[in-house]
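Chemist: make a model of this:
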Amino acid sequence: MASIACAPVYAIIGDDSFLQLQKLAEIIAELPPDVDRIEFDGERAELGEVLDELRSFAMFGGGKLVVVRNADEFISRFRSQLEDYIAEPSTSGTLVLRLESLPSNQRIYKAIAKIGKIHACAPPKGKDLASWIVSRGKTAHRLDVTLAAANLLSDLIGADMGRLDNELAKLALQCDGGVLDVADVSGSVAFQREQEMWSLTDALTAGDPAGALRRWRQLVRLDSSSEFRAVTWLAIWLANLRKAIEMRRKRVPDAVIARACRIFDPRQQQPFFKTAEKLGEAGVNRAVNLLADVDLRSKSGVGDATGNVERFILSLSI
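Modeler: Take a look at the predicted model:
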């Protein structure tokens, strides 16, 4: 059997899944069209089953592509065995490791770089992010995005590349003439709803359940379907609080934590940390359980969804 005409091992490094999947698509494009693709979750996969797939022949002769997502844990468990494999990789399979991080001073990094390829998938920052939005709008969505509109999207969403691409796709359908300007972005119902959602969690962050309740009622008047999205939005807020608590425990600087939690407004950062400190891990876990109950009750027809969310907001007397 002929070997696959590309690198035997790839490492795709970064915490942005959209960019990782873009790079994976580029790798797949280099392979034969009938390549046999197999995926593993690195947190549960065993080394033997991954290596067996790499070393066995593909059913239809196009070679094997074995992708291990969440591969950080996989490498931690099988580092030395993987280094041995990389030294003598299969000629009929390609291994792709999707990782959040892989320090360049580690031996396995150097081994992959020697015989394979390493791709860093870091989201662009600052002006580069706005430039990416302009370019992505044109190449993927046939949309001319003004720089001002790109900057507004950057401020509203941040460097979440998947969400940015999704919003560009939706805005492309709404824009007449294929040009996206600030008015199109700020006038979008989706962004009005998002800004109201942010103001709701901002009020909770500031320890103002009554203010959050007013914003929630405004949001429902703006778009009644918001009641079905509220649990997701509140879950993201609680996940950020939990992340902040964990990162502070590891003595990560507050500025780094704020970026990781997408708290970009400096005015909101100290109230956010104050809320995380007051709630603590136990308080966040309690709130998560309450929110799960709200979701279950709403889906089971126990009370209306709007009222259930209201009761959750009022329960957070921080």
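Chemist: and residue 100, what does it touch?
Modeler: Applying Cβ atoms under 8 Å, 6 or more residues apart in numbering, we find residue 100 in contact with 13-15, 72. Any C-beta I mention is one placed from the backbone N, CA and C, and that applies to glycine too.
Chemist: run the last query once more with 6 Å
Modeler: By Cβ atoms under 6 Å, 6 or more residues apart in numbering, the contact set of residue 100 is 15, 72.
Chemist: look at it and report its pLDDT.
Modeler: pLDDT, residue 100: 93.
Chemist: tell me how far it lies from residue 14.
Modeler: In this view, residue 100 and residue 14 are 7 Å apart by Cβ to Cβ, to the nearest Å.
Chemist: can you check residue 57 too?
Modeler: Per Cβ to Cβ, residue 57 is found 32 Å from residue 14.
Chemist: neighbour-wise, which of these two wins?
Modeler: Neighbours were counted for residue 57 and for residue 14 using other Cβ atoms under 10 Å; residue 14 has more, 20 against 12.
Chemist: residues near residue 250, how many?
Modeler: Other residues close to residue 250 by other Cβ under 10 Å number 7.
Chemist: phi, psi for it please.
Modeler: Here is the backbone geometry of residue 250 (degrees, to the nearest 10): phi -90, psi 10.
Chemist: make 43 the first number, not 1, from now on.
Modeler: Okay, using 43 as the starting number, the last item reads as residue 292.
Chemist: how close does it get to residue 286?
Modeler: 11 Å.
Chemist: helices along the stretch 93-242 of the chain, start to end?
Modeler: For the stretch 93-242 of the chain, the helices defined by DSSP state H, counting those that start in this stretch occupy 113-129, 149-157, 169-183, 189-199, 203-216, 224-228, 231-247.
Chemist: just send those helices back as CSV, with mean neighbour count too.
Modeler: CSV is the format used below for the helices of the stretch 93-242 of the chain (neighbours: other Cβ atoms under 10 Å):
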stretch, mean neighbour count
helix 113-129, 16
helix 149-157, 15
helix 169-183, 17
helix 189-199, 19
helix 203-216, 16
helix 224-228, 16
helix 231-247, 19
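Chemist: what's the closest of those helices to residue 320?
Modeler: For those, proximity to residue 320 was assessed by Cβ to Cβ; helix 231-247 is nearest, at 10.5 Å.
Chemist: next helix or strand past that closest one?
Modeler: For helix 231-247, the following helix or strand on the C-terminal side (DSSP states H and E) is helix 251-264.
Chemist: next SSE after that next one?
Modeler: helix 272-291.
Chemist: tell me which other helices or strands that following helix touches.
Modeler: Contacts defined by 3 or more Cβ pairs under 6 Å, 6 or more residues apart in numbering; DSSP states H and E place helix 272-291 against helix 308-341.
Chemist: report the angle between whichever helix or strand comes after the helix it packs on and helix 272-291.
Modeler: Using DSSP H and E, the next helix or strand after helix 308-341 towards the C-terminus is helix 347-357. Between helix 347-357 and helix 272-291, the angle comes out at 30 degrees (axes from the mean of the first three to the mean of the last three Cα atoms, to 10 degrees).
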